[in-house]
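[1] no sequence on hand, only this structure:
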């Protein structure tokens, strides 16, 4: 991270490695002496064929994807997969959903358009701050598949161990939406039938969707499923049935190479653990900030937090921008703040955020106690703190 670039905590599209952006910029007009930029290449030409093949090989190596799984590069994002998955796997049967936040709720709602969708568990009662014990799930009889969101981007809960459906007496394949923590930690493929995710959080730019699907699940598509979304068709055509998102695949391929240079998934996971521990520790030892997620399921990638005095939100965000800390506002559905600390966010970025959290809190604590009470604030909310760098926020 250069001194001139701010730290971008956006939930997606999200920060990408500087080295990847620099490499893409250098190759913009001429990829490897071909005389063409990647955006200009035919997806069926030998140049892009080499890019595509290398990206698939690197990703399979990074994620340790077994040989009996197909890697598909598709379009539509995770939201579209909420429809594409039931069209491919439901076979007119019931599909079970474990609702742990906003994205799994969307998945359940979309699937109801294409199959009978059963809610096996829902953590709404506790504000989606915990994960339901799989032993408590109310699975239907012989579901076509069981769907979870293994990391909820908005609510900040994450499965640190994937559920073992066979241990629950269920033979259905487990479907995981791993959009916001893909490539941040290993995947236990012995417990997964299908995994999908949009690339724009941890793999590359928006426009590319990754689907990793076990081969025995490829021939279940409903007759209504469009050919371009039929997993069998996409797999048989090596993700080239329709024109794929070529530039997004190229950019993701550069990210895969970058991940390998970092030491692979084991090394990046260790770095992610260090970043998450640093940030959560600062929040937990604060009298101003609060994270509501249970300790055993806190996301390493998406850290939502709240100011105990929420009238300070605007001045907090303004000060953060002055420090070069961007996109910290929480999702509109839950409010507060959110720091997304994906693979490309360096430890230095998290440290800069922690330093700001502490500085902001120290200024808050210096105010007279009556001025720190929400009931005493009213229209003077913008004057509660001495603004960063001595500037008046007004």
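    On my side now, so go ahead. These figures come from a predicted structure and were not determined experimentally.

[2] quick one: the strands in the chain, in order.
    7-8, 69-74, 94-99, 116-122, 146-149, 174-177, 194-198, 209-214, 289-290, 302-307, 325-326, 337-340 (DSSP state E).

[3] which strands and helices sit next to the fifth one?
    Which is strand 146-149. Packing contacts for strand 146-149, counted by 3 or more CB pairs under 8 Å, 6 or more residues apart in numbering; DSSP states H and E, involve strand 94-99, helix 102-111, strand 174-177. The way it works is simple: take the backbone N, C-alpha and C, and place the C-beta from them, glycine included.

[4] list the buried ones in that strand?
    Within strand 146-149, the residues scored as buried using 16 or more other CB atoms under 10 Å are 146, 147, 148, 149.

[5] tell me what the first one is bridged to.
    Going by DSSP bridges, residue 146 is paired in beta bridges with residue 96, residue 174.

[6] give the contact list for it.
    Residue 146 is in contact with 95, 96, 97, 98, 120, 139, 165, 170, 172, 173, 174, 175, counting by CB atoms under 8 Å, 6 or more residues apart in numbering.

[7] how about the second one?
    Applying CB under 8 Å, 6+ apart, one finds that residue 147 lies in contact with 85, 95, 96, 97, 98, 104, 107, 108, 111, 175, 176, 177.

[8] do the same with residue 228
    Residue 228 sits next to 234, 241, 242 when contact means CB under 8 Å, 6+ apart.

[9] kindly present those as TSV, with separate columns for neighbour count, distance to residue 250 and pLDDT.
    Below are these laid out as TSV (neighbours: other CB atoms under 10 Å; distance: CB to CB, whole Å; pLDDT from 0 to 100):
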residue	neighbour count	distance to residue 250	pLDDT
234	25	19	98
241	16	19	96
242	15	17	95
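
[10] which one of the helices and strands packed on strand 146-149 lies nearest to residue 225?
    Closest approach to residue 225 among the helices and strands packed on strand 146-149 is made by helix 102-111 (13.4 Å; CB to CB).

[11] tell me which other helices or strands the closest one touches.
    Packed next to helix 102-111, using 3+ CB pairs under 8 Å, 6+ apart, are helix 77-89, strand 94-99, strand 116-122, strand 146-149, strand 174-177.

[12] need these in TSV (columns: mean pLDDT and distance to residue 362).
    What follows is the helices and strands packed on helix 102-111, written out as TSV (pLDDT from 0 to 100; distance: least, CB to CB, whole Å):
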stretch	mean pLDDT	distance to residue 362
helix 77-89	95	40
strand 94-99	98	40
strand 116-122	97	40
strand 146-149	98	37
strand 174-177	98	40
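
[13] these: which one's closest to residue 48?
    helix 77-89 (21.7 Å).

[14] rewinding a little: dump the helices and strands packed on helix 102-111 into CSV; add distance to residue 343 as well.
    Shown next, in CSV, are the helices and strands packed on helix 102-111 (distance: least, CB to CB, whole Å):
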stretch, distance to residue 343
helix 77-89, 17
strand 94-99, 26
strand 116-122, 29
strand 146-149, 19
strand 174-177, 18
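
[15] rewinding a little: for the contacts of residue 147, which one is nearest residue 326?
    Nearest to residue 326 among the contacts of residue 147: residue 177, at 25.8 Å, using CB to CB.
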